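Colleague: Sequence and predicted model, in that order:
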Amino acid sequence: MDDLLDDFIAETRENLETLASQLVQWEQTPQDRALLDSVFRFVHTVKGSCGFLDLPRFMRLSHAAEDILSGAREGQVTASTGLVSAVLAVVDRIAALTDALETGSAVFDDDDDLIETMLAFLPRNIMANVGAPAADAFDSETNEAGGRAKARTVRVSLSLLDKLMNGVSDMVLARNEVSRLLRKMQNNSELDHSFTRLSASVAEMRDAVGMMRMQNIDRLFSSLPRLLRDISIELGKEIELRIDGSEVEVDREMVEALRDPLTHILRNAADHGIETADERRAVGKGPVGQIRIVARQSGNQILIEIIDDGRGINLDKLGARAIAAKKVSAADWQKMSEKAQLNTIFLPGLSTAEQVSSISGRGVGMDVVKTNLHAIGGTVDLENYEGHGLKMTLRLPLTLSIIAGLSVRAGDQIFGISRNSVVEILSSSNRNVKIEELGGKHVALIRGERYPYAKLETLLDIDEMEQPGSGSRTLIVVRPAAGTVYVLDVASVIDNEELVVKPGAPIVMATGIFAGTTLPDNGRPMLLLDASGLGMALGIEQTENHASLERHATEAPEAKRPSALLYVARDHVKRAIRLSVIDRMEDVDAANIKFVGGRMRASVGDRLIDICELDEVPEEGLVKLLRLTDGNSVKFLAVEDVIDIFTLDGEIAPSARPEIYEGVVSAFGETVELINVYRYFEMDAGGPANSAERPLCYLQCDSDGSWEHRILAPLLIASGYQVSFDAADRDQAAVVLSRAGNKDEGLDQDARILRLRDASHSSPGSRSSIYRYDRIGLISAIEAKLSGVA
């Protein structure tokens with residue numbers, strides 16, 4: 001019985017969230033019958049569950065709500081603000097009872113007043129009949145929206161899901177360890193083939209388990225229409241909310257972490273941003289305020305934009321409040337850039353509200369927004385259009401469990417740090433780097449800019465080891481989520497890899513400088529550094545005062561110009577490449593590089609990545625590679641050495657070979673060629689990076705299908721298509737391939753069919769077909785089907 005109650009509580013909460021959102025939509029579009037039917041179905045589902053578990057209060061409330069909605073479906077009552085408010089009050093009571101059922105507490109409020117208030121909207125002649133079961137009214141009707149089959153789901157506890165995730169992470173580490181051992185052994189083609197299949201299976205399982213942690217962000221957005229409706233009624237304003245991108249998926253932990261920030265942002269937009277109807281008319285706006293929330297994925301980030309068409313932020317008013325609250329002096333305010341002035345709204349205790357209300361005015365809302373976002377590695381940007389509105393952009397990591405990280409050495413120990421916090425990595429021997437002492441503290445001077453500086457060994461109080469060779473160390477320019485950019489001096493950067501983040505022991509986390517623990521590929525646990533915590537240990541203020549706001553909000557003119565990287569190519573000639581296409585630099589073991597398939601390729605994790613400008617494989621050692629990306633595809637560029645970054649602030653002289661070189665530029669007093677990266681990607685014959693974008697080919701087999709599995713499927717996959725042997729996918733397939741001898745009555749009428757014959761020449765009078773080993777003809781025929789030519 002306990003399991004049934006747990007399922008009921010979880011299902012009821014999900015239903016109530018959706019129900020509240022749909023009730024608000026119904027209020028705005030009362031003529032939408034499909035929406036009303038959907039609301040009725042949710043209430044009917046809750047009532048049915050209550051009856052099964054013998055929960056009389058739940059049953060009475062949901063039955064009354066079903067009565068009023070049944071009356072609405074029959075045209076006896078229409079949607080209004082009062083009616084929807086009464087139904088929402090019943091929904092809130094059911095939610096309170098659900099919480100009480102879980103905790104074992106009691107709700108002593110009387111339900112009669114709620115029910116009477118709600119049923120009072122029915123005509124008097126109908127009230128006498130209220131109380132009869134309404135199930136037949138729903139069950140007898142056809143579910144117009146239910147033409148599709150229900151998704152098959154199962155509830156899994158979060159602890160079990162986390163345990164599964166940890167198990168898969170350990171499996172990945174074990175696979176990587178086996179991979180290292182295999183590379184030390186002599187070539188064994190059978191063993192290599194088996195390991196490749198195992199590796200692919202592990203990778204698929206890792207991705208699948210990772211997707212289990214993801215939820216539609218609609219789980220977060222579904223409560224916002226109800227929230228805004230209540231705020232609008234309290235403020236006496238008309239506000240319309242539009243939400244786009246509800247299908248975007250985020251880590252399940254992210255949903256809860258974002259709930260408070262979005263609530264505060266919406267409250268502030270409605271209270272401070274949107275004007276009253278009279279004020280809007282006076283400035284030529286429509287009487288209804290508009291708030292739009294847009295979610296989208298950009299690379300390894302989730303972007304959430306909150307845009308309103310209100311009054312924006314009055315910087316003069318904000319400045320007066322900041323000065324009055326002694327957050328900034330009048331002289332400093334005048335020196336600050338507009339962006340720095342805007343960012344003062346995130347300072348705790350600062351509010352532009354005229355008076356404190358139940359909605360806002362205490363000066364904590366925007367501080368909570370920034371604090372909560374920083375806690376999950378996110379940031380917030382503002383775009384102010386005074387008199388016309390405000391746009392807030394939240395940038396969030398795609399997942400909280402797996403991050404892109406760097407492993408660094410300090411003393412004889414190895415630590416991890418999030419790559420999102422890393423701005424730049426330089427060698428201490430770089431001629432543009434100088435360590436100075438100012439006021440008894442060390443600072444790093446990089447290209448004329450001074451930054452706070454410290455050695456990681458000093459911050460962690462561990463012994464520094466003697467550096468081999470030249471003795472040069474590595475400097476990491478770190479931008480924490482809050483506070484000032486600083487320079488961290490480490491012995492070396494070891495690797496760049498995906499790190500699985502796990503909670504650290506309380507005594508370790510209490511230091512404030514670690515974000516958790518992680519297991520890299522070598523299987524040795526290491527601590528993950530917290531960029532903000534290291535900044536605090538360095539003595540950097542974490543609440544950005546006016547000086548730090550000014551420094552980071554105002555970009556130098558050079559920073560807005562495109563940058564390039566000066567490097568030494570494999571032919572020992574200095575060249576340049578635009579920095580925007582470089583993802584990172586990697587050192588790859590020569591044992592993982594092979595000339596295969598007509599190209600030089602590197603085996604990195606589960607992928608084979610093409611290498612440009614590498615003619616022969618070194619016998620041993622590490623090969624320095626620049627990882628290039630156009631947003632979808634990835635390539636490696638082999639280099640001898642990396643020199644420095646510079647700004648493309650001069651003229652780019654034309655090149656006599658534009659297909660190879662974009663032009664000629666000046667870098668540190670030298671004239672060098674700026675390579676044209678377009679040529680590295682234009683010959684990429686691979687299919688779309690996203691497998692969901694690849695056309696699906698269904699392979700129909702009458703016999704054992706060995707040829708289709710062994711020969712045809714690999715050919716199609718290599719050519720950029722998806723392949724399925726599952727009959728359930730046939731209707732969704734773009735092309736259906738079948739051997740000429742297969743028997744199927746539906747094949748003759750299917751315009752998508754391509755028949756493959758065994759003989760090189762077709763027999764007279766036979767149906768149209770293609771020789772199964774005519775690769776060019778086969779691919780051309782598939783493309784013709786996709787384009788509608790055949």
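Modeller: Sure thing, it's come through. Numbering: from 1, shown residues only.
Colleague: my read: Arg175 touches Arg197, true?
Modeller: No - using Cβ atoms under 8 Å, Arg175 and Arg197 do not qualify as a contacting pair, with a distance of 11.6 Å. The way it works is simple: take the backbone N, C-alpha and C, and place the C-beta from them, glycine included.
Colleague: More neighbours: these two, which one.
Modeller: The neighbour count for Arg175 versus Arg197, taken as other Cβ atoms under 10 Å, is higher for Arg175 (19 against 9).
Colleague: which non-adjacent residue is nearest that one?
Modeller: Closest residue to Arg175 in three dimensions, ignoring its sequence neighbours and counting by Cβ to Cβ, 6 or more residues apart in numbering: Val202, at 5.1 Å.
Colleague: Pull out the buried positions in the helix or strand harbouring the one you found.
Modeller: Using DSSP states H and E, the secondary-structure element containing Val202 is helix 189-212. Within helix 189-212, the residues that qualify as buried are Ser199, Val202, Arg206, Val209, Gly210, counting by 16 or more other Cβ atoms under 10 Å.
Colleague: which ones are touching the fourth one?
Modeller: It stands for Val209. Going by Cβ atoms under 8 Å, 6 or more residues apart in numbering, Val209 touches Leu164, Met165, Val168.
Colleague: And the helix holding Val202, how far out from the chain middle?
Modeller: 24 Å (Cα atoms, centre = their mean, to the nearest Å).
Colleague: What's the mean pLDDT across it?
Modeller: Helix 189-212 comes out with an average pLDDT of 78.
Colleague: Just the strands from the stretch 101-250 of the chain, written as ranges.
Modeller: 214-216, 239-244, 249-251 (DSSP state E, counting those that start in this stretch).
Colleague: got CSV for those strands, with distance to Pro618 too?
Modeller: Supplementary listing: the strands of the stretch 101-250 of the chain in CSV, determined by distance: least, Cβ to Cβ, whole Å:
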stretch, distance to Pro618
strand 214-216, 41
strand 239-244, 51
strand 249-251, 40
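Colleague: taking those strands together, which one is wrapped up most tightly?
Modeller: Using mean count of other Cβ atoms under 10 Å, the stretch among the strands of the stretch 101-250 of the chain with the largest mean neighbour count is strand 249-251, at a mean of 21.
Colleague: Just want the angle from the following helix or strand past that one to strand 239-244.
Modeller: Beyond strand 249-251 in the direction of the C-terminus, DSSP H and E gives the next helix or strand as helix 252-268. Going by axes from the mean of the first three to the mean of the last three Cα atoms, to 10 degrees, helix 252-268 is angled at 150 degrees with respect to strand 239-244.
Colleague: Give me the buried positions along helix 252-268.
Modeller: 252, 254-255, 257-258, 261-268.
Colleague: Keeping just the C-alphas, turn it into PDB.
Modeller: The C-alpha atoms that make up helix 252-268 are tabulated as PDB, following Å, rounded to 0.1, in the frame of the first residue of the first chain:
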ATOM      1  CA  ARG A 252      16.700  17.200 -13.200                       C
ATOM      2  CA  GLU A 253      18.700  19.000 -10.500                       C
ATOM      3  CA  MET A 254      18.700  22.200 -12.600                       C
ATOM      4  CA  VAL A 255      14.900  22.400 -12.500                       C
ATOM      5  CA  GLU A 256      14.800  22.800  -8.800                       C
ATOM      6  CA  ALA A 257      17.800  25.100  -8.700                       C
ATOM      7  CA  LEU A 258      16.100  27.500 -11.200                       C
ATOM      8  CA  ARG A 259      12.700  27.600  -9.600                       C
ATOM      9  CA  ASP A 260      13.500  30.400  -7.100                       C
ATOM     10  CA  PRO A 261      15.500  32.600  -9.600                       C
ATOM     11  CA  LEU A 262      12.700  32.500 -12.200                       C
ATOM     12  CA  THR A 263      10.100  33.200  -9.600                       C
ATOM     13  CA  HIS A 264      11.900  36.400  -8.400                       C
ATOM     14  CA  ILE A 265      12.600  37.500 -12.000                       C
ATOM     15  CA  LEU A 266       8.900  37.100 -12.900                       C
ATOM     16  CA  ARG A 267       7.800  39.000  -9.800                       C
ATOM     17  CA  ASN A 268      10.200  41.900 -10.500                       C
END
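Colleague: Just want the angle from that helix to helix 189-212.
Modeller: Computed by the same axes, to 10 degrees, the angle between helix 252-268 and helix 189-212 is 30 degrees.
Colleague: counting contacts, what elements does helix 252-268 pack onto?
Modeller: Contacts defined by 3 or more Cβ pairs under 8 Å, 6 or more residues apart in numbering; DSSP states H and E place helix 252-268 against strand 214-216, helix 218-221, helix 224-235, strand 301-308, helix 365-375, strand 389-397.
Colleague: by contact count, what packs against the longest one?
Modeller: What that stands for is helix 224-235. If you count contacts as 3+ Cβ pairs under 8 Å, 6+ apart, helix 224-235 packs onto helix 2-28, helix 81-103, strand 239-244, helix 252-268.
Colleague: among these, which is nearest Ser329?
Modeller: Judged by Cβ to Cβ, the one of the helices and strands packed on helix 224-235 that comes nearest to Ser329 is helix 252-268, at 25.7 Å.
Colleague: returning to what we had before: JSON lines for the buried residues of helix 252-268, including pLDDT?
Modeller: Output for these, formatted as JSON lines (pLDDT from 0 to 100):
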{"residue": "Arg252", "pLDDT": "75"}
{"residue": "Met254", "pLDDT": "78"}
{"residue": "Val255", "pLDDT": "80"}
{"residue": "Ala257", "pLDDT": "80"}
{"residue": "Leu258", "pLDDT": "85"}
{"residue": "Pro261", "pLDDT": "87"}
{"residue": "Leu262", "pLDDT": "89"}
{"residue": "Thr263", "pLDDT": "86"}
{"residue": "His264", "pLDDT": "86"}
{"residue": "Ile265", "pLDDT": "89"}
{"residue": "Leu266", "pLDDT": "90"}
{"residue": "Arg267", "pLDDT": "87"}
{"residue": "Asn268", "pLDDT": "87"}
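Colleague: tell me the domain boundaries of the chain?
Modeller: Residue ranges for each domain of the chain read 2-149, 158-216, 218-397, 406-551, 561-682, 691-789, as given by automatic domain parsing.
Colleague: Pull out the buried positions in whatever helix or strand Pro714 lives in.
Modeller: Using DSSP H and E, the secondary-structure element containing Pro714 is helix 713-718. Going by neighbour count (16+ other Cβ under 10 Å), the buried part of helix 713-718 is Ala713, Leu716.
Colleague: What are the contacting residues of the helix or strand that comes right after it?
Modeller: The helix or strand immediately downstream of helix 713-718 is strand 722-724, counting by DSSP H and E. Counting by Cβ under 8 Å, 6+ apart, the neighbours of strand 722-724 from elsewhere in the structure are Ser691, Arg694, Pro695, Leu696, Cys697, Tyr698, Leu699, Ala713, Leu716, Ile717, Ala733.
Colleague: got it, and stretch 257-271?
Modeller: With Cβ under 8 Å, 6+ apart as the contact definition, stretch 257-271 has outside contacts at 220, 223-224, 227-228, 231-232, 235, 237, 239, 250, 289, 291, 293, 304, 306, 308, 310, 353, 357, 359-360, 365-366, 368-369, 372-373, 375-376, 390, 392, 394, 396, 400.
Colleague: Any of these buried? List them.
Modeller: By the neighbour-count criterion of 16+ other Cβ under 10 Å, the contacts of stretch 257-271 include these buried positions: 220, 223-224, 227-228, 231-232, 235, 237, 239, 250, 289, 291, 293, 304, 306, 308, 310, 353, 359-360, 365-366, 368-369, 372-373, 376, 390, 392, 394, 396, 400.
Colleague: Switch the helices and strands packed on helix 252-268 over to CSV; also include distance to Leu35.
Modeller: Putting the helices and strands packed on helix 252-268 into CSV (distance: least, Cβ to Cβ, whole Å) gives the following:
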stretch, distance to Leu35
strand 214-216, 19
helix 218-221, 16
helix 224-235, 12
strand 301-308, 25
helix 365-375, 32
strand 389-397, 29
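Colleague: Alright, calling it a day.
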